[in-house]
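Sequence first, predicted model second:
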Amino acid sequence: MTREEKGAIIDELSQKFQTIPYFYITDANGMSVAETNQLRRLCFERGIEYVVVKNTLIRKALETVNDTDYSSFDGTVLTGFSGVMFHPENGKAAAQLIKEFRRTNDKLKLKGASVNYSLFIGADQLDTLINLKSKNELIGEIIGLLQSPAKNVVSALTSGGSKLAGILKTLSEREEN
């Protein structure tokens, strides 16, 4: 590989690391060609880009990202055989794919991940990554929690009738409970 080719790969990875807030670094060492093809097929079907790149090129590309310090990946994540999974929209899609793939093939391992520029290191973080809620999911839960008391008051007021006596009766019943 020439210096220009390496530079082009670093530039491409740098752009992806800066624009895609979700990426996973995996180790697929020891997988056969058929197993690797199966992994790539699953990635393609789910809209996940899977790229196998040398650790030194990944490291150099990560150094260009200004928002996050990826130095904790050195010596732990960026060793051995590395593949990077990118998904532009869903932070846990790759984690779900890795867990599903590991049901039939335990050779694929999670080495580290960056989800919204928060770092997760080690295979033991896989369940944590799967259980992470997106910003939209959290906002939806908060809105639901905020709407619940308002819905209770409105339903209580409407069930007691529109007369003042009915409203007071409903409110006093609510206080007793």
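Alright, I've got the coordinates.

Okay, strands next: where are they in this structure?
Using DSSP state E, the strands of the chain run over 22-27, 49-52, 83-86, 109-115, 118-121.

What residues sit buried inside the last one?
Read it as strand 118-121. Buried residues in strand 118-121, counted by 16 or more other Cβ atoms under 10 Å: Leu119, Phe120. For every residue, glycine as well, the C-beta is placed using N, CA and C.

Can you check the distance spanned by stretch 103-119, start to finish?
Stretch 103-119 has an end-to-end distance of 25 Å (Cα to Cα, to the nearest Å).

Buried residues, that stretch. List them.
Leu108, Lys109, Leu110, Lys111, Gly112, Ala113, Ser114, Val115, Leu119.

and of the residues you listed, the nearest to Gly7?
Ser114 (22.7 Å; Cβ to Cβ).

out of everything not next to it in sequence, what's closest to the closest one?
The shortest distance from Ser114 to any residue other than its chain neighbours is 5.5 Å, reached at Phe23 (Cβ to Cβ, 6 or more residues apart in numbering).

Could you count how many residues lie near Cys43?
Residues lying near Cys43 (other Cβ atoms under 10 Å) number 21.

what about the nearest residue to it once chain neighbours are set aside, neighbour count?
Among residues not flanking Cys43 along the chain, Tyr50 sits closest, at 4.2 Å (Cβ to Cβ, 6+ apart). For Tyr50, the neighbour count with other Cβ under 10 Å is 19.
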